[in-house]
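Trainee: 3D, please:
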Amino acid sequence: MESSLDKGALAGAAGASGATASASAAAGKPQARTVYSILGAISFSHLMNDMIQSLILAIYPMLKDNFSLSFGQIGLITLTYQITASLLQPLVGIYTDKHPKPYSLPVGMGFTLSGLLLMSVAPNFGVLLVAAALVGCGSSVFHPESSRVARMASGGKHGLAQSLFQVGGNAGSSLGPLLAALIVIPHGQRSIAWFSAAALVGIFVLTHIGRWYKQHPATKKARAGHVPHATLSRGKVAFAMGILVLLVFSKYFYLTSINSYFTFYLIDRFHVPVQAAQVHLFVFLAAVAAGTVIGGPVGDRIGRKYVIWVSILGVAPFTLLLPYANLFWTGVLTVIIGIVLASAFSAILVYAQELIPGKVGMVAGLFFGFAFGLGGIGAAVLGQLADSTSIAYVYKVCSFLPLLGILTVFLPDIEGKRVKG
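Mentor: Got it, this is the predicted structure:
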């Protein structure tokens with residue numbers, strides 16, 4: 001009896017000891033959780049930021065009339081904005097990987113606010129370019145740092161976090177043309193300043209996010225110099241990054257053809273009024289937002305490489321049909337293109353961040369910057385092409401770009417086999 005009691009006591013003690021050890025281990029290594037409040041706040045801020053940017057794109061027809069601009073000059077406005085954003089973003093990301101700056105986010109939105117106010121009173125084309133450059137500077141700070149915040153708050157659901165972050169931007173991009181049609185076009189250039197309220201709200205929210213960012217363990221690790229190592233050789237990483245860059249090129253060069261010139265295409269080919277054309281652009285950008293939401297979680301579940309395959313190469317049949325469609329089918333095809341093509345970027349960005357661990361800001365800055373730079377170059381090149389040929393010809397040329405998605409076959413499998421649940 002005593003022996004049985006002793007054994008029971010020993011077993012109980014062992015169980016308690018194991019429980020204590022497990023509790024200690026759990027205490028020493030807490031499981032990360034997804035912080036949806038921060039993801040919601042950073043997504044909302046992205047909405048404010050990108051709404052302002054797309055508002056500028058949507059008022060191009062008004063600016064063209066007010067300042068007697070050519071398509072080439074329209075392209076230069078986009079180029080100026082995109083170049084200041086694209087050149088600075090990787091530099092901001094590299095610096096903040098080593099020296100996190102939690103309160104840089106509201107400062108970046110301050111640049112966007114300045115550009116917005118200047119554009120509302122710009123008297124000539126030169127001042128329009130300066131205003132576009134200021135908005136670009138704001139984006140150069142906002143995107144790499146906010147992408148880092150999304151990853152910090154992800155709780156390991158990196159694709160979901162990036163999708164939620166980016167859908168805010170895409171929703172803002174879709175709202176810009178709609179608000180331009182409802183507010184700016186009827187009330188003129190000075191009404192652009194009314195949207196400074198959105199930038200001020202963004203600054204307030206980003207200040208709150210900055211406080212959370214400052215206290216996050218990842219910020220302290222970065223300041224202490226803790227950097228994880230890549231699992232692939234430098235050569236393989238460089239090759240994979242090159243493939244990803246080409247895929248981003250195909251995606252964003254095509255998207256630029258719609259973002260910058262779709263309203264002109266509809267007006268020229270189907271003779272629709274400006275406001276109707278802007279509503280069509282809004283519908284396309286809303287489809288892009290929907291595709292962004294889908295891409296991240298699906299990538300977390302089945303693998304990001306598969307999402308990249310489908311979203312870029314899979315959209316090619318629809319882009320090839322678009323230049324030959326009537327107005328109804330143009331609307332249908334652009335919705336399909338927006339949903340399918342938009343699902344790629346979250347997958348590409350997270351895939352690249354896993355290729356080069358510990359360089360979240362640099363990778364985000366590189367890919368957002370490269371995407372913006374391509375957008376700017378694409379706007380300038382396609383504007384010149386439209387001036388020398390026609391808007392319809394631009395869409396015939398761009399329809400072949402998604403065929404570059406075949407290059408996905410060369411990407412290494414860095415995710416392994418996923419367990420289906």
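Trainee: for stretch 97-114, which positions count as buried?
Mentor: 97, 100-102, 104-114 (16 or more other Cβ atoms under 10 Å). All C-beta spots, glycine's among them, are computed from the backbone N, C-alpha and C.
Trainee: Just name the closest of the residues you listed to Thr408, please.
Mentor: Asp97 (27.2 Å; Cβ to Cβ).
Trainee: could you list every residue that touches the closest one?
Mentor: Ala222, Gly358, Lys359, Val360, Gly361, Met362 (Cβ atoms under 8 Å, 6 or more residues apart in numbering).
Trainee: State the number of residues packed around the residue lying closest to Gly314 once chain neighbours are set aside.
Mentor: Closest residue to Gly314 apart from its sequence neighbours, by Cβ to Cβ, 6 or more residues apart in numbering: Val340 at 5.8 Å. Close neighbours of Val340, defined as other Cβ atoms under 10 Å, add up to 24.
Trainee: pretty sure Val340 contacts Trp309?
Mentor: No. In this structure, Val340 is not within contact of Trp309 by Cβ atoms under 8 Å, at 11.3 Å.
Trainee: The spatially most central residue of the chain sits in which helix or strand?
Mentor: Residue closest to the average C-alpha location in the chain (Cα atoms, centre = their mean): Gln166, at 4.8 Å. Gln166 is part of helix 158-179, with elements assigned from DSSP states H and E.
Trainee: same for that helix, what does it pack against?
Mentor: Helix 158-179 is packed against helix 36-58, helix 125-152, helix 274-302, helix 327-355, with contacts defined by 3 or more Cβ pairs under 8 Å, 6 or more residues apart in numbering; DSSP states H and E.
Trainee: Out of the ones you listed, the one nearest Asp268 is which?
Mentor: Here helix 274-302 is closest among the helices and strands packed on helix 158-179 (Cβ to Cβ), at 9.7 Å.
Trainee: tell me the phi and psi of Leu69?
Mentor: phi -90, psi 150 (degrees, to the nearest 10).
Trainee: pretty sure it contacts Phe125?
Mentor: Yes. Counting by Cβ under 8 Å, Leu69 touches Phe125, with 6.7 Å between them.
Trainee: Which one's more surrounded, those two?
Mentor: Per other Cβ under 10 Å, whichever of Leu69 and Phe125 has more neighbours is Leu69, with 19 against 14.
Trainee: for the more buried one, what are its contacts?
Mentor: Counted by Cβ under 8 Å, 6+ apart, Leu69 has contacts Leu63, Phe125.
Trainee: where's it relative to Val201, distance?
Mentor: From Leu69 over to Val201 the distance is 31 Å, taken as Cβ to Cβ, to the nearest Å.
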